[in-house]
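*Asks:* got a structure for you, letters missing:
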């Protein structure tokens with residue numbers, strides 16, 4: 001087999017392995033082991049042996065605005081952005097491999113109690129945006145990854161989002177934003193709130209001095 005055909009077969013096998021990991025066929029350690037063998041393989045037989053236990057057509061490439069199953073979102077070598085009005089299941093599994101996923105919950109319908117989002121991200125990016133009225137718990141492990149939580153205390157609304165899972169060689173950002181509010185808007189609002197707080201503190205100090 002020519003080098004070009006072997007390279008194409010290698011890319012196809014790597015795609016199948018990534019999709020298999022996204023579909024929970026094996027853990028990240030097994031993914032890393034098979035990827036190393038795929039890069040070291042010199043014959044088609046060696047490559048085929050790495051995916052014999054995976055179902056045909058495992059690969060699933062998502063594009064932005066793609067419709068996905070209600071309880072699982074798989075992203076591989078692509079991107080999904082879920083925003084606007086949508087119904088969030090009580091347990092949502094998000095699998096991202098070499099891709100990007102945005103879950104905007106600001107206009108979404110969340111059920112009472114706890115909504116769990118299980119994130120498994122490898123060499124990808126996940127952004128989760130929650131509205132101010134929703135409490136958030138983040139319990140995610142990371143390996144050579146960046147996990148940022150920029151949430152705000154929420155009123156006791158009885159609605160809570162719990163984010164669990166793991167991120168490896170990727171990024172997870174969880175933030176609180178109002179409907180239609182951008183990241184820049186949040187920074188401006190925070191600055192205004194800090195200034196207003198300092199002003200109130202100065203006014204109280206002046207009142208104490210007068211009385």
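*Replies:* Received it, and whenever you're ready, just let me know what you need. Predicted, not measured: the structure shown is a model, and the values here were computed from it. Numbering: from 1, shown residues only.

*Asks:* now stretch 98-118, how far from the chain's geometric center?
*Replies:* Relative to its parent chain, stretch 98-118 has a centroid offset of 10 Å by C-alpha atoms, centre = their mean, to the nearest Å.

*Asks:* tell me the domain boundaries of this structure?
*Replies:* The chain resolves into domains spanning 3-48, 72-180 when parsed by automatic domain parsing.

*Asks:* in JSON lines: these, plus mean pLDDT, distance to residue 208 and mean neighbour count.
*Replies:* Heads up, the C-betas are built off the backbone N, CA and C, glycines and all. Listed next are those as JSON lines, based on pLDDT from 0 to 100; distance: least, C-beta to C-beta, whole Å; neighbours: other C-beta atoms under 10 Å:
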{"stretch": "domain 3-48", "mean pLDDT": "82", "distance to residue 208": "58", "mean neighbour count": "16"}
{"stretch": "domain 72-180", "mean pLDDT": "89", "distance to residue 208": "28", "mean neighbour count": "18"}
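
*Asks:* which residue ranges form the strands in the protein?
*Replies:* Secondary structure of the chain (DSSP state E): strands located at 72-76, 79-82, 91-97, 100-104, 113-122, 125-130, 135-143, 146-150, 159-168, 171-176.

*Asks:* can I get the domains of the chain in CSV with distance to residue 201?
*Replies:* Below are the domains of the chain laid out as CSV (distance: least, C-beta to C-beta, whole Å):
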stretch, distance to residue 201
domain 3-48, 49
domain 72-180, 19
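
*Asks:* so which of those gets nearest residue 200?
*Replies:* Of all those, domain 72-180 sits nearest to residue 200, with 18.4 Å by C-beta to C-beta.

*Asks:* quick revisit: with distance to residue 197 added, can I get the strands of the chain in a markdown table?
*Replies:* Listed next are the strands of the chain as a markdown table, based on distance: least, C-beta to C-beta, whole Å:
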| stretch | distance to residue 197 |
| --- | --- |
| strand 72-76 | 39 |
| strand 79-82 | 35 |
| strand 91-97 | 36 |
| strand 100-104 | 29 |
| strand 113-122 | 32 |
| strand 125-130 | 23 |
| strand 135-143 | 22 |
| strand 146-150 | 18 |
| strand 159-168 | 27 |
| strand 171-176 | 18 |
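
*Asks:* nearest residue to the middle of the protein?
*Replies:* Nearest to the geometric centre of the chain sits residue 126, at 2.7 Å (C-alpha atoms, centre = their mean).

*Asks:* next, the contact list for that residue, please.
*Replies:* 94, 96, 100-103, 119, 167, 170-173 (C-beta atoms under 8 Å, 6 or more residues apart in numbering).

*Asks:* mind running it again at 10 Å?
*Replies:* Counting by C-beta atoms under 10 Å, 6 or more residues apart in numbering, residue 126 touches 73, 75, 94, 96, 99-103, 117, 119-120, 140, 147, 163, 165, 167, 170-174.
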